[in-house]
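# Next comes the sequence, and after it the predicted model I'd like to discuss.
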Amino acid sequence: MKYMKPGVKIALLIGLTVMFQACIKTQTYPIIPSITYDDMVITTDTDQLGNIIDVGRLSIEFTDGDGDIGLRKSDTTGPYHPDSLYYYNLLLDYYEWNGSAWELVETATPYHGRIPYLTPEGKNKSISGLIYYDINITYVPSDTFRFDVRLVDRALHESNIVETPGIVIY
């Protein structure tokens, strides 16, 4: 994937439950996205070069009232320019345990990702679902870390921040 920074394997698998007008009960949500932490599972996988890597599969539930979640590959100008924070729409801040508290650490390669365009067809744009985001954690600099996660819609509304539990790698 050309638009992703090297060193972070990102595999996006998105499971969606989209509320269309045809549904029996129409859901409405606020236009600012909202997320909740669902799970983080650590597994092993193989990268594009055949190397075995450790992967953290983060899953978060989300809702958005106007359905403006996700970016197209062509969304690379203005606020979505590759040098902009909002080039990414799933923002992850990396924290390490320093023995007494969690400390925010800036990494050379960010763990952020781009969720693909998800806006539903039809009049009712409310959307909800589950996002799965794979993070290559093979080379994280600490044996105990966590992430703060937030989702950004195309209007640049930032969701609430959810925190993963501490992850211990042995």
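Cool, got the structure.

# Touching, Asp93 and Val162? I think so.
No - if you go by C-beta atoms under 8 Å, Asp93 and Val162 don't touch, sitting 11.2 Å apart. Backbone N, C-alpha and C define where each C-beta goes, glycine included.

# Now the common contact residues for the two.
Asp148 (C-beta atoms under 8 Å, 6 or more residues apart in numbering).

# which residues touch the residue nearest the centre of the chain?
Closest residue to the average C-alpha location of the chain: Leu90 at 3.7 Å, with C-alpha atoms, centre = their mean. With contact set as C-beta under 8 Å, 6+ apart, Leu90 has these partners: His112, Gly113, Arg114, Ile115, Ile131, Tyr133, Val149, Arg150, Leu151, Val152.

# Redo those as TSV? Include neighbour count, distance to Ser84 and pLDDT.
Shown next, in TSV, are the contacts of Leu90 (neighbours: other C-beta atoms under 10 Å; distance: C-beta to C-beta, whole Å; pLDDT from 0 to 100):
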residue	neighbour count	distance to Ser84	pLDDT
His112	22	11	96
Gly113	20	15	96
Arg114	20	12	96
Ile115	19	16	95
Ile131	24	21	96
Tyr133	23	20	97
Val149	24	19	98
Arg150	18	16	98
Leu151	25	16	98
Val152	22	11	98
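
# For Gly65, state which of these is nearest.
Leu151 (13.3 Å; C-beta to C-beta).

# and that closest one, that's in a helix?
No - per DSSP: H, G, I helix; E, B strand; the rest coil, Leu151 lies outside any helix segment and is strand.

# which residues does the residue nearest to it when sequence neighbours are not counted contact?
Once flanking residues are discounted, Leu151 sits nearest to Ser159: 4.3 Å by C-beta to C-beta, 6 or more residues apart in numbering. By C-beta under 8 Å, 6+ apart, the residues touching Ser159 are Ile32, Pro33, Ser34, Ile35, Phe62, Arg150, Leu151, Val152.

# I'm done for today, thanks for sticking with me.
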